[in-house]
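**Q** Can you look at this prediction? I've put the sequence above it.
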Amino acid sequence: MNKILIFILIMVNTFMLSGCWDKVEIDERGFVLVIGVDKVTEEEKQSEKDRIKVSLKVPNVGLISGKSELGTESSFYYEEIGSNLSFTIEKITAKAPFNITLDHTKVIVFGKSLLQDSHTLIEVLDGIERDSRFSRKMIFVGAEKYATDILKLEPKENPLVGIYLKSILDLEIKEGRAIDGNLNKIMYQIHESGSSIWPYIRVSEDKRGIEIMGAYVLRDNELIGELSYKEAVRFNALTKKTQEVGEIDIIYEGILTSYEVYNTKNSFKVDVEDNNLVLNIKIETEGDIVQHKIGIIGLTLDDKAIQEMEKMIERKIEERFMGVITKLQKEFETDVLGVRIYLKKYNPKFYKQIEDNFNDYFSAMKVNLEIDSKIRRVGIVK
């Protein structure tokens, strides 16, 4: 009797743990890897309720598996206009020859005009955040123009544009060359401070790929400005532990010398002095001299020379970083540095006092930026 019971339990578990729960074959599913969302134009509107245009790119799984005859394209492109993200995707599902699945979505691309419309943008973001099918690690990225331009690409490196975008963004984010725009990070910034910073991209000149252009800065869920590629790299070095700080070239004794950073440390602290905010940032860098002219008569890289070069490097790095801070603080008047979040966490009492006038305090905030650069190797010199 016990053997029969054990056999039944094994068989039940086998059936429960294998196969498809909903009896839908893999070649009958449409795995959405990338979504584009644009603000609908007046000419595109089909009704007064239409607000957004949604585009999807779905891999031809049947072609890959050899089980379907849905065509020879590597992926299928769909777009629809609607009042909200969920209903618009349902419209696409109704005309697609497979069941649309959002669980594997890697990237959502937002058109620039949508990012400039705070009311519509927050509706779209709210819909995404509430939808449990979307991964919390999915990446948000802004387009230089339209999201549809990005989705219609056929990259030469990978025909699946969603995988192509995800692989590039993952690498650039890891190396500190792109802003980390995953869903969790963006929504945390919005909920905690009302401001956010996104990576933004454009179609390359050959129309076969994308280029990372820098960062979009949003205040109150509306695009107000952008950081260049180099400024975005410096922003990452200021706020995260990334070793990418850009090329550091100095002229020492009339000779072009290049400094390559391989390690950084940073500290970030917000103090209150005389009822005013003071931001203290310290950045330590370690690097090597990777280029200089060999055999210069009279040029000796002794301790004194190295110290002088370190000071020149520090001034160069400080100038670059202060340029980014000043742009955010004075031009954009937008805190994406994390000052508000820091105060909420470490000095909530003072934050409550200035909450209604935080932007004024942020714009007037004193910034102390300390750079400590060390040259560890200088290579071979005569």
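**A** Everything's here; your move.
**Q** switch to C-alpha atoms for all contacts and neighbour counts from now on
**A** Fine.
**Q** mind showing which ranges of this protein have poor pLDDT?
**A** Applying pLDDT under 70 to the chain picks out residues 1-28, 61-73, 241, 243, 291-301, 379-382.
**Q** which stretches of it form helices?
**A** 2-17, 61-65, 85-95, 112-115, 118-130, 147-151, 161-174, 183-193, 229-239, 303-326, 339-346, 348-354, 358-364 (DSSP state H).
**Q** just so I know, which of these lies nearest Tyr252?
**A** Taking CA to CA, helix 303-326 is the member of those nearest to Tyr252, at 6.9 Å.
**Q** What angle do helix 229-239 and the closest one make with each other?
**A** For helix 303-326 against helix 229-239, the angle by axes from the mean of the first three to the mean of the last three CA atoms, to 10 degrees is 100 degrees.
**Q** follow-up on the earlier one: same list (the helices of the chain) but as JSON lines, adding mean neighbour count.
**A** Listed next are the helices of the chain as JSON lines, based on neighbours: other CA atoms under 10 Å:
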{"stretch": "helix 2-17", "mean neighbour count": "10"}
{"stretch": "helix 61-65", "mean neighbour count": "15"}
{"stretch": "helix 85-95", "mean neighbour count": "16"}
{"stretch": "helix 112-115", "mean neighbour count": "23"}
{"stretch": "helix 118-130", "mean neighbour count": "16"}
{"stretch": "helix 147-151", "mean neighbour count": "24"}
{"stretch": "helix 161-174", "mean neighbour count": "18"}
{"stretch": "helix 183-193", "mean neighbour count": "17"}
{"stretch": "helix 229-239", "mean neighbour count": "22"}
{"stretch": "helix 303-326", "mean neighbour count": "17"}
{"stretch": "helix 339-346", "mean neighbour count": "17"}
{"stretch": "helix 348-354", "mean neighbour count": "13"}
{"stretch": "helix 358-364", "mean neighbour count": "17"}
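**Q** Columns distance to Ala215 on top of those, output as TSV?
**A** TSV is the format used below for the helices of the chain (distance: least, CA to CA, whole Å):
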stretch	distance to Ala215
helix 2-17	44
helix 61-65	34
helix 85-95	24
helix 112-115	12
helix 118-130	17
helix 147-151	16
helix 161-174	12
helix 183-193	13
helix 229-239	6
helix 303-326	12
helix 339-346	19
helix 348-354	28
helix 358-364	20
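**Q** Please name the strands paired to the longest strand that the chain contains in the sheet, noting orientation.
**A** Longest strand in the chain by number of residues (criterion: DSSP state E): strand 255-273. Sheet pairing for strand 255-273, assigned by DSSP bridges, gives strand 248-252 (antiparallel), strand 276-291 (antiparallel).
**Q** Can you give me the buried ones in that strand?
**A** Residues of strand 255-273 classed as buried: Thr257, Ser258, Tyr259, Glu260, Val261, Thr264, Lys265, Asn266, Phe268, Val270 (neighbour count, 16 or more other CA atoms under 10 Å).
**Q** And the helices of the chain: which comes nearest Lys374?
**A** Going by CA to CA, the one of these nearest Lys374 is helix 303-326, 6.2 Å.
**Q** Count the residues that sit near the closest residue to Leu33 other than its chain neighbours.
**A** Leaving aside its chain neighbours, Leu33 sits nearest to Thr105 (4.2 Å; criterion: CA to CA, 6 or more residues apart in numbering). When neighbours are defined as other CA atoms under 10 Å, Thr105 has 24 of them.
**Q** ok, now which ones touch Thr105?
**A** By CA atoms under 8 Å, 6 or more residues apart in numbering, Thr105 lies in contact with Phe31, Val32, Leu33, Val34, Ile35, Phe134, Ser135, Met138, Gly162.
**Q** quick one: which of those has the most company?
**A** That'd be Val34 among the contacts of Thr105, by other CA under 10 Å, with 28 neighbours.
**Q** residues contacting that residue?
**A** Counted by CA under 8 Å, 6+ apart, Val34 has contacts Leu56, Lys57, Val58, Thr105, Lys106, Val107, Ile108, Val109, Leu151, Val161, Gly162.
**Q** Could you give the bridge partners of it?
**A** Lys57, Val107.
**Q** how close does it sit to Lys156?
**A** 17 Å (CA to CA, to the nearest Å).
**Q** what does Leu218 give?
**A** 32 Å.
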